[in-house]
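>>> Below is the sequence, then the predicted model.
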Amino acid sequence: MRPSTTVEVLYHDHHNWLTGWLRRKLGCPDSAADLAQDTFIKVLTAPQTPTLIEPRAFLTTIAKRVLFNHFRRRDLERAYLDALAQMPECVAPSEEDRAIILQTLIELDQLLDGLPTVVKRAFLLAQLDGLTYAQIGAELKISIATVKRHLNKAALRCYFAL
């Protein structure tokens, strides 16, 4: 069976079930429909569609990842909007700049995904706050050598992702 046919059958047989499962998790039919589509896009764009013995378990695994990313993005967006609310209006970015900054933050979060929290924090303190190695070390209570290692690890992750 061709991979596209397999995905087509998977979609036809399980789309409604998956949308219902996501609706129960989210409480919002529109978001559930969007995330169900995102789940099938992940399946469709996968390099290889495996032979499925338990298609619903397979879809649930992918949908949980999509759902996790959805919540993570929402939390990141909420934190960004909270930070903007603290800024005086005269220095707040325009709506266009806000959208660009938010998209950049989401992409950066995806790039750094999987790194330990302390590595991410060191990277963000250096890149966003402009802190020196010594200031980062003091803030995180780690040595300058450890700060350098953390920043190298994060920079390598970004470099190789590009």
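That came through, no problem.
>>> what separates the longest helix seen in the chain from the chain centre, distance-wise?
The helix that spans the most residues within the chain, counting by DSSP state H, is helix 55-86. Here helix 55-86 shows a centroid-to-chain-centroid distance of 7 Å under the convention CA atoms, centre = their mean, to the nearest Å.
>>> do the same with stretch 73-89
From the chain centre to the centre of stretch 73-89 is a distance of 17 Å (CA atoms, centre = their mean).
>>> Please export the C-alpha coordinates of that stretch as PDB.
This file holds the C-alpha atoms of stretch 73-89, laid out as PDB (Å, rounded to 0.1, in the frame of the first residue of the first chain):
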ATOM      1  CA  ARG A  73       3.400  27.800  22.900                       C
ATOM      2  CA  ARG A  74       0.400  29.200  24.800                       C
ATOM      3  CA  ASP A  75       2.400  29.400  28.000                       C
ATOM      4  CA  LEU A  76       5.300  31.200  26.100                       C
ATOM      5  CA  GLU A  77       2.800  33.600  24.500                       C
ATOM      6  CA  ARG A  78       1.200  34.300  27.900                       C
ATOM      7  CA  ALA A  79       4.500  35.000  29.500                       C
ATOM      8  CA  TYR A  80       5.500  37.300  26.700                       C
ATOM      9  CA  LEU A  81       2.200  39.200  26.900                       C
ATOM     10  CA  ASP A  82       2.700  39.500  30.700                       C
ATOM     11  CA  ALA A  83       6.100  40.900  30.200                       C
ATOM     12  CA  LEU A  84       4.700  43.400  27.600                       C
ATOM     13  CA  ALA A  85       2.100  44.500  30.100                       C
ATOM     14  CA  GLN A  86       4.800  45.500  32.500                       C
ATOM     15  CA  MET A  87       6.400  47.800  29.900                       C
ATOM     16  CA  PRO A  88       5.500  51.500  29.700                       C
ATOM     17  CA  GLU A  89       3.400  52.200  26.600                       C
END
